[in-house]
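J.: A structural model of the following input is requested.
(2 chains)
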Number of protein chains: 2
Amino acid sequence: MTTEHFELHPQLARDCHVLGSVDEGLVLLHKNASLPWFLLVPRTDAGQLHELGAEERIRIQARWNDLAAWVSERFACDRVNVAAIGNVVPQLHLHTVGRRAGDPVWPGVPWGQSLSDRSWSDEDLAGLRRELAGRLEMV
Amino acid sequence: MTTEHFELHPQLARDCHVLGSVDEGLVLLHKNASLPWFLLVPRTDAGQLHELGAEERIRIQARWNDLAAWVSERFACDRVNVAAIGNVVPQLHLHTVGRRAGDPVWPGVPWGQSLSDRSWSDEDLAGLRRELAGRLEMV
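T.: Residues are numbered from 1 along each chain as shown, chains lettered A, B, ... in the order given. Model (predicted):
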């Protein structure tokens, strides 16, 4: 998969911390720490999953699945909300949001909600990077 | 895949038309016709994609992908919003919502929105069933 022309969409770069890189793309964390909200941004020009070739799609979805399984376990979630929406940001990005009954927007969806202003600490970020490096072979 | 104990969750049965059955599960259409909002309900006891075995997950995601590609083309969509959420209905159900710039909730997500009351006609439903039978080998 070519990475030469891969550039993160400015809005994703603004809204998220880049945690690291896996073979399939970048792993991001939403800057708002009200929810454990991760994203996988595949290295591809395709804007939607159904525009990918089958092999690439299966590989990307497998990694997305690994991320969801980790989020579920790591944050003791009741559900993980997974979605590819892209109505605002056209670059393909795969939401992976850990949810717990009673979290700030439960049982609503996380998108389009107003979340109170909470940040991840540098220590949190370093810890998450370390854990994901082990779990997803993220560098 | 066993289908013996498969039963559609009452809320999905209430909110949706059953269009038909594919090998992987049931294909539904949200009764509100404001958006072309389809769902694939896999025949499984797993509540989340990451709880499926890899083979079953890949097969279900391939069919979900086929549905998304068809929705995109059939309704001339700008985007297809695909998601597995399940905060309210625990039965695994895969949203596949055709979106167009300027549709009633664009660019917001379709979940948790109030949509004006529009219904699919019997003719619409028969036509969609016919088209999906050809496209997804739905019966």
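J.: So for stretch A:71-91, mean pLDDT?
T.: Mean pLDDT, computed over stretch A:71-91, is 98.
J.: do the same with stretch A:125-139
T.: 94.
J.: quick one: buried residues of it?
T.: A:125, A:128, A:129, A:132, A:136, A:138 (16 or more other CB atoms under 10 Å in any protein chain shown). For every residue, glycine as well, the C-beta is placed using N, CA and C.
J.: cool, stretch A:51-61 as well?
T.: Of the residues in stretch A:51-61, A:51, A:52, A:56, A:57, A:58, A:59, A:60, A:61 count as buried by neighbour count, 16+ other CB under 10 Å.
J.: chain center to it, what's the gap?
T.: 17 Å (CA atoms, centre = their mean, to the nearest Å).
J.: Give the other helices and strands that the helix or strand where residue A:123 lies contacts.
T.: Assessed by DSSP states H and E, residue A:123 sits inside helix A:122-136. The contact analysis (3 or more CB pairs under 8 Å, 6 or more residues apart in numbering or on different chains; DSSP states H and E) places helix A:122-136 against strand A:16-22, strand A:25-30, helix A:54-74.
J.: for these, which one sits closest to residue A:118?
T.: Ranking these by proximity to residue A:118 (CB to CB) places strand A:25-30 first, at 10.6 Å.
J.: Could I get the average pLDDT for the closest one?
T.: 98.
J.: does chain B sit close to the helix or strand that it is followed by?
T.: On the C-terminal side of strand A:25-30, the closest following helix or strand by DSSP H and E is strand A:37-42. No: using CB under 8 Å from any CB of the partner chain, strand A:37-42 stays clear of chain B, coming no nearer than 12.9 Å.
J.: Which residues of chain A lie near chain B?
T.: Counting by CB under 8 Å from any CB, the residues of chain A near chain B are A:47-50, A:54, A:57-58, A:61-62, A:65, A:68-69, A:72, A:78-88, A:99, A:106-109, A:111-112.
J.: in chain A, which residue is closest to the centre?
T.: Per CA atoms, centre = their mean, the C-alpha nearest to the average position across chain A is that of residue A:39, at 1.1 Å.
J.: you'd agree residue A:47 is up against residue A:93?
T.: No: using CB atoms under 8 Å, residue A:47 makes no contact with residue A:93, being 9.8 Å away.
J.: who's more crowded, the two?
T.: More neighbours surround residue A:93 than the other of residue A:47 and residue A:93, with 23 against 17 (other CB atoms under 10 Å in any protein chain shown).
J.: So that one versus residue B:18, what's the distance?
T.: Plainly put, residue A:93 is 32 Å away from residue B:18 if you go by CB to CB, to the nearest Å.
J.: for residue A:96, same thing?
T.: 30 Å.
J.: again with residue A:8
T.: 41 Å.
J.: Kindly report the same for residue A:83.
T.: For residue A:83, the distance to residue B:18 - CB to CB - is 24 Å.
J.: Which of the two has more residues huddled nearby?
T.: residue A:83 (21 against 16).
J.: Name all residues that make contact with that one.
T.: A:94, A:95, A:111, B:81, B:82, B:83, B:84, B:85, B:95, B:109 (CB atoms under 8 Å, 6 or more residues apart in numbering or on different chains).
J.: Secondary structure element holding it?
T.: strand A:79-84.
J.: related to what we said a few turns ago, please identify the most buried of the helices and strands packed on helix A:122-136.
T.: Stretch with highest mean neighbour count among these: strand A:25-30 (a mean of 22; mean count of other CB atoms under 10 Å in any protein chain shown).
J.: quick check: angle from that one to helix A:54-74?
T.: Interaxial angle of strand A:25-30 relative to helix A:54-74 (axes from the mean of the first three to the mean of the last three CA atoms, to 10 degrees): 40 degrees.
J.: just checking, what packs against strand A:25-30?
T.: Looks like strand A:25-30 contacts strand A:16-22, strand A:37-42, helix A:54-74, helix A:122-136 (3+ CB pairs under 8 Å, 6+ apart).
J.: do you know which of the ones you listed lies nearest residue B:33?
T.: Between those, helix A:54-74 lies closest to residue B:33; by CB to CB that is 29.5 Å.
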